[in-house]
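Participant: Predicted coordinates and the sequence they were generated for:
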Amino acid sequence: MSRIVRRYFTHAADGTPILHRTEQVQDDGAGNLRLTERQWAQRCSGCLRHLLDLEQTRGICDVCHARECCVHCESRCAICARRLCGQCRIGFVGVPPRSVCAICYRRMSHRQAVEDELDQEQRAFERWQAHQRLLHQDQLLQLNQRRLELTESSRSASRSTSPLSLVASATAWTIRQLWSLSIGIVRHVRRIVS
């Protein structure tokens with residue numbers, strides 16, 4: 001019985017084996033050949049999937065510095081662009097939804113809370129502004145109503161005046177006209193004298 005064994009190793013940059021593959025051909029002595037292939041692959045410490053090729057590794061997580069990242073589990077923080085393994089990645093629900101690291105998640109949560117508070121304050125201010133506008137409109141309507149009542153009462157009073165009150169108002173008008181004329185004459189004389 002003879003046996004031929006071939007071994008293939010794929011190593012990472014630091015020398016650790018990533019993939020170990022063996023091919024074994026056995027002859028049982030009667031002319032029957034049997035081929036056996038076995039494969040052992042290192043698992044990604046981030047997602048526990050088998051790494052079958054060196055190109056599937058992406059390096060160590062920039063947040064925890066403990067787990068490796070592979071093609072399947074690696075992602076980048078949408079804010080600071082750090083490399084994230086599958087366990088350090090946190091989803092942030094926003095517009096649009098993002099994968100972020102824990103530090104950026106705290107920052108974005110704080111910013112979202114501040115924005116929500118500012119939105120509430122803005123809505124409260126707009127409600128107060130609308131309330132004040134309604135109060136001013138109400139006051140304006142009341143003042144207009146009062147003005148109309150006064151105008152109506154003065155018209156009704158002027159209609160029912162006696163001829164003596166008409167003579168008094170005409171006399172007052174004449175006196176005002178004479179007064180403005182005398183002021184104009186005095187100004188004209190001052191200009192001529194000076």
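Facilitator: Structure's in. What do you need? Residues are numbered from 1 along each chain as shown.

Participant: what domains does the record give for this structure?
Facilitator: 1-42, 57-138 (automatic domain parsing).

Participant: Redo those domains as a markdown table? Include distance to Gln177, mean neighbour count and mean pLDDT.
Facilitator: Just so you know, the C-beta spots here come from the backbone N, C-alpha and C atoms, and that holds for glycine as well. Below are these laid out as a markdown table (distance: least, CB to CB, whole Å; neighbours: other CB atoms under 10 Å; pLDDT from 0 to 100):
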| stretch | distance to Gln177 | mean neighbour count | mean pLDDT |
| --- | --- | --- | --- |
| domain 1-42 | 109 | 11 | 78 |
| domain 57-138 | 41 | 14 | 86 |
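
Participant: which stretch among these comes nearest Arg146?
Facilitator: Closest to Arg146 of those is domain 57-138 (CB to CB; 12.8 Å).

Participant: now the end-to-end length of the closest one.
Facilitator: End-to-end distance for domain 57-138: 73 Å, by CA to CA, to the nearest Å.

Participant: and if you look at stretch 61-76?
Facilitator: 10 Å.

Participant: Run the chain-centre distance for the helix ranked longest in the chain.
Facilitator: Using DSSP state H to define each element, the chain has its longest helix at helix 102-159. With CA atoms, centre = their mean, to the nearest Å as the basis, helix 102-159 stands 26 Å off its chain's centre.

Participant: Show me what that helix is packed up against.
Facilitator: Under the contact criterion of 3 or more CB pairs under 8 Å, 6 or more residues apart in numbering; DSSP states H and E, helix 102-159 touches strand 90-92.

Participant: partner strands of the next helix-or-strand element following the strand it packs on, parallel or antiparallel?
Facilitator: Going down the chain from strand 90-92, the next helix or strand is strand 98-100, by DSSP states H and E. Under the criterion DSSP bridges, strand 98-100 sits next to strand 90-92 (antiparallel) in its sheet.
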